[in-house]
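Chemist: Give me a model of this one.
(chains A and B)
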Protein chains: 2
Amino acid sequence: MASVIALDAMGSDRAPKPEIEGAIQAARHFDVRVLLVGPEDIVRAELQRHPAAALLPIEVVHASEVITMEDKAVQAVRAKRDSSMRVGVRLVRDGRATGFVTAGNTGAAMATAKMVLGAIPGVDRPALAAVFPTALGTAASLLDVGANVDCKPHNLEQFAVMGEIYFRSMFGTKRPRVGLLSIGEEESKGNELTRESFALLKQLPINFVGNVEGRDLYNGEVDVIVADGFVGNVALKISEGVAHLVRNTLKESLKATITRQVGALLSRSAFSDFKKRLDHTEYGGAPLLGIKGVCFITHGSSNANAIKNAIRVAAEFAEKPIEGEIEKALAAIKPKEVANTI
Amino acid sequence: MASVIALDAMGSDRAPKPEIEGAIQAARHFDVRVLLVGPEDIVRAELQRHPAAALLPIEVVHASEVITMEDKAVQAVRAKRDSSMRVGVRLVRDGRATGFVTAGNTGAAMATAKMVLGAIPGVDRPALAAVFPTALGTAASLLDVGANVDCKPHNLEQFAVMGEIYFRSMFGTKRPRVGLLSIGEEESKGNELTRESFALLKQLPINFVGNVEGRDLYNGEVDVIVADGFVGNVALKISEGVAHLVRNTLKESLKATITRQVGALLSRSAFSDFKKRLDHTEYGGAPLLGIKGVCFITHGSSNANAIKNAIRVAAEFAEKPIEGEIEKALAAIKPKEVANTI
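Modeler: Next up, the predicted model:
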């Protein structure tokens, strides 16, 4: 089947505008068909503002309900059985779409995907993998950022396996360097969880480079960083906070005098360059690894470009044998664990 | 006693240069005497490059050994009994100094202070409190960043009490807003540790504002942020990593064309403004809260300005009744806990 991506048309903060524009761009530039999922009247009204869309491989699939950012994840999933999220994920389950993309409530998206699609055999906890740019201009991935709190060492072991396969498949890196997020490089550094996880990770048939510290996340010397979902989520949100702070402080300073304003004008292209290099919208969102099916979650503040790229990346993901590889790799480490404990 | 600060002359990456320059600036501008602790020949040789220092209240105290950043903390503290760190902390214990400042190995400094000075009665784990600037130009403090891993809820409770007293005393904020670092605002969000800690923190006689997320660290809406030492340390180092990434990427972009270079030149003052606003060297390092005595740890990359400010802040700290307040506040929450568990 050619790539067919179900897109939650109602996910982002400014939905459905970025979704519809992103879908149009994706359908125009990539070999992909997009199913826009949401209340038909709202979606069609927005779609009609783009006459060119009629000529593109874009369809509307009706869903009467919408899960908001304010909704409690589990309750919303239970109560809103005809949400754009639920209907979109169902399209994947029923084989009508090869992947699903949403910019909506992360907790609800994860819960829906787990419930409707289920986990790959052997996976105890599916994990959300953030992708971001490094100082070297390469990509790196941090997982779990999806709030799998209070993880056990074998959860982190599975995150490492899934993250490695994902990175290798998507970025073409032969032996991705996998690190464990901790607070010191030596094996003995860290907390109970990281120390026990270290022992498991170093036995895996992956390129495990040991502990990495927070400051190494962005230096490009590690490709996949493994963390408990609490730590990973804190790490991701702090990064957003710092980037925001630095950008805003600089912007303010540049407006303070006329000379500076002229200076800022002349160096404007540098700022847009800079923005592009650090732009997370180029990376297409975070895959939910370990579920049966392709599911990408992008930031609530996503613009059309972020949506377009998420559709592209979800389509690529669907063409790789990632799911099968995860199942095989986890089956291969299972017996060893059992052997060790007997 | 007037303020007398013992300064580890051998702590920073470029020691003893920044230490000696910082000591001279502090002795010149503030009402403080500085005891420079380190190998006498090295310290005096550097000191002689500044003839003006002879007229200032600066003394040299000999210590034959130096703990390096590469040293393992516990081993170094045990093996190097005449280190500049150990001798400096001893000056505080013996009443010859009102406070100690080091830019050296954080783990070794914490271990030395705990061993030589001991904890304030009632304190289970002393905590290191980082101080940093927010988007509003105010200061905020995060603790613990000193690697107290695998904390229990009552550790975080004590961190909250100590951090609140410290912030109130040093920054003159009447009711500092204290938050718990977590991954969602509701009480139910977070991991086992934060959920149990939340229940304790909301019973404290402090201005507890609930859970805060990583992105709130720098927005100026919370003054004291409480976290397990693993999470706090990761948070601090990630912040450094992101700030570094943003700065470097922008710098590179600004050098790419002539027009941009001219622009950068004109807006140069904005960049130094910006640097100053986000400059952690203005904040004078991190206090180790909960030990009997005043001990500040600054970044290994500290320059003279950072050292100068650390001396200033350590002297101020020594004049406040922080230690007594911590003892009293912890004694007051003890009985309640007992009553609850019986």
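Chemist: Report the contact partners of A:G163.
Modeler: Residues in contact with A:G163 (C-beta atoms under 8 Å, 6 or more residues apart in numbering or on different chains) are A:127, A:129, A:141, A:143, A:178, A:224, A:226, A:289. For the C-beta atoms, the positions are set from N, CA and C on the backbone; glycine is no exception.
Chemist: so it sits in a helix?
Modeler: Yes - under DSSP: H, G, I helix; E, B strand; the rest coil, A:G163 falls within a helix.
Chemist: picking that back up, in CSV: the contacts of A:G163, plus neighbour count and secondary structure.
Modeler: Compiled in CSV, the contacts of A:G163 are given as follows (neighbours: other C-beta atoms under 10 Å in any protein chain shown; DSSP: H, G, I helix; E, B strand; the rest coil):
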residue, neighbour count, secondary structure
A:A127, 31, strand
A:A129, 27, strand
A:S141, 26, strand
A:L143, 29, strand
A:V178, 25, strand
A:V224, 29, strand
A:V226, 34, strand
A:L289, 27, strand
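Chemist: And the residues you listed, which is closest to B:N191?
Modeler: Of all the contacts of A:G163, B:N191 sits closest to A:A127, with 15.4 Å by C-beta to C-beta.
Chemist: Per-residue pLDDT of that closest one, please?
Modeler: The confidence metric pLDDT takes the value 96 at A:A127.
Chemist: picking that back up, pick out whichever of the contacts of A:G163 sits closest to chain B.
Modeler: Here the nearest of these to chain B, counting by C-beta to the nearest C-beta, is A:V226; it sits at 12.8 Å.
Chemist: The closest one is in contact with A:A160, isn't it?
Modeler: Yes - between A:V226 and A:A160 there is a contact at 4.8 Å, judged by C-beta atoms under 8 Å.
Chemist: Pull up the overlap in contacts between those two.
Modeler: Joint contacts of A:V226 and A:A160 (C-beta under 8 Å, 6+ apart) are A:178, A:180, A:201.
Chemist: Surely the second one is in a strand?
Modeler: Yes - using three-state DSSP, the assignment for A:L180 is a strand.
Chemist: follow-up on the earlier one: of the contacts of A:G163, list those near chain B.
Modeler: Among the contacts of A:G163, no residue lies close to chain B (C-beta under 8 Å from any C-beta of the partner chain).
Chemist: I'd like the residues you listed as CSV, with distance to A:H154 appended.
Modeler: What follows is the contacts of A:G163, written out as CSV (distance: C-beta to C-beta, whole Å):
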residue, distance to A:H154
A:A127, 13
A:A129, 18
A:S141, 20
A:L143, 15
A:V178, 16
A:V224, 17
A:V226, 12
A:L289, 15
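Chemist: Report whether stretch A:295-311 contacts chain B.
Modeler: No - taking C-beta under 8 Å from any C-beta as the criterion, stretch A:295-311 and chain B are apart, separated by no less than 11.7 Å.
Chemist: any idea how far that stretch is from the chain center?
Modeler: 9 Å (C-alpha atoms, centre = their mean, to the nearest Å).
Chemist: Okay, now it: how far is its last residue from its first?
Modeler: One end of stretch A:295-311 sits 10 Å from the other (C-alpha to C-alpha, to the nearest Å).
Chemist: Stretch A:124-142 too?
Modeler: End-to-end distance of stretch A:124-142: 18 Å, with C-alpha to C-alpha as the criterion.
Chemist: from the middle of its chain, how far away would it be?
Modeler: Relative to its parent chain, stretch A:124-142 has a centroid offset of 8 Å by C-alpha atoms, centre = their mean.
Chemist: same deal with stretch A:109-122?
Modeler: 15 Å.
Chemist: Could you do stretch A:57-71 as well?
Modeler: Mean-position distance between stretch A:57-71 and its chain equals 19 Å (C-alpha atoms, centre = their mean).
Chemist: now stretch A:73-90
Modeler: Distance of stretch A:73-90 from the chain centroid (C-alpha atoms, centre = their mean) equals 19 Å.
Chemist: now stretch A:103-111
Modeler: Put simply, stretch A:103-111 sits 11 Å off its chain's centre (C-alpha atoms, centre = their mean).
Chemist: list the buried ones in that stretch?
Modeler: For stretch A:103-111, burial by neighbour count (16 or more other C-beta atoms under 10 Å in any protein chain shown) applies to A:103-111.
Chemist: what's the closest of these to B:P57?
Modeler: A:T106 (57.6 Å).
Chemist: Tell me who's in contact with that closest one.
Modeler: For A:T106, the contacting residues are A:73, A:128, A:146-147, A:297, by C-beta under 8 Å, 6+ apart.
Chemist: How about A:V161?
Modeler: Neighbouring residues of A:V161 by C-beta under 8 Å, 6+ apart: A:204, A:206, A:326, A:329-330, A:333.
Chemist: Between those residues, which sits nearest B:I120?
Modeler: Ranked by distance to B:I120 (C-beta to C-beta), the contacts of A:V161 are led by A:L204 at 44.7 Å.
Chemist: I'd assumed A:A160 was in contact with the closest one.
Modeler: Yes - here A:L204 reaches A:A160: they are 6.2 Å apart, a contact under C-beta under 8 Å.
Chemist: neighbour-wise, which of these two wins?
Modeler: Each of A:L204 and A:A160 has its neighbours counted (other C-beta atoms under 10 Å in any protein chain shown); A:A160 has more, 24 against 17.
Chemist: Relative to A:M170, how far out is the more buried one?
Modeler: A:A160 is 16 Å from A:M170, where distance means C-beta to C-beta, to the nearest Å.
Chemist: Likewise for A:L136?
Modeler: Applying C-beta to C-beta to A:L136 and A:M170 gives a distance of 17 Å.
Chemist: between those two, which one's more packed in?
Modeler: Ranked by neighbour count (other C-beta under 10 Å), A:L136 and A:M170 place A:M170 first, with 20 against 11.
Chemist: Any buried residues in the helix or strand where the more buried one lies, and which?
Modeler: Here A:M170, judged by DSSP states H and E, is contained in helix A:153-171. For helix A:153-171, a neighbour-count test (16+ other C-beta under 10 Å) marks A:153-170 as buried.
Chemist: Which pLDDT does the model give A:R268?
Modeler: pLDDT recorded at A:R268 is 67.
Chemist: Then the one 5 residues further on?
Modeler: pLDDT for A:D273: 62.
Chemist: May I have the residues that are in contact with the closest residue to A:E316 other than its chain neighbours?
Modeler: If the residues on either side of it in the chain are set aside, A:E316 comes closest to A:M170, at 6.7 Å by C-beta to C-beta, 6 or more residues apart in numbering or on different chains. Contacts for A:M170 were tallied using C-beta under 8 Å, 6+ apart; they are A:313, A:316-317, A:320.
Chemist: Tell me the most packed of these, by neighbour count.
Modeler: Neighbour max across the contacts of A:M170 (other C-beta under 10 Å) = A:V313, 24 neighbours.
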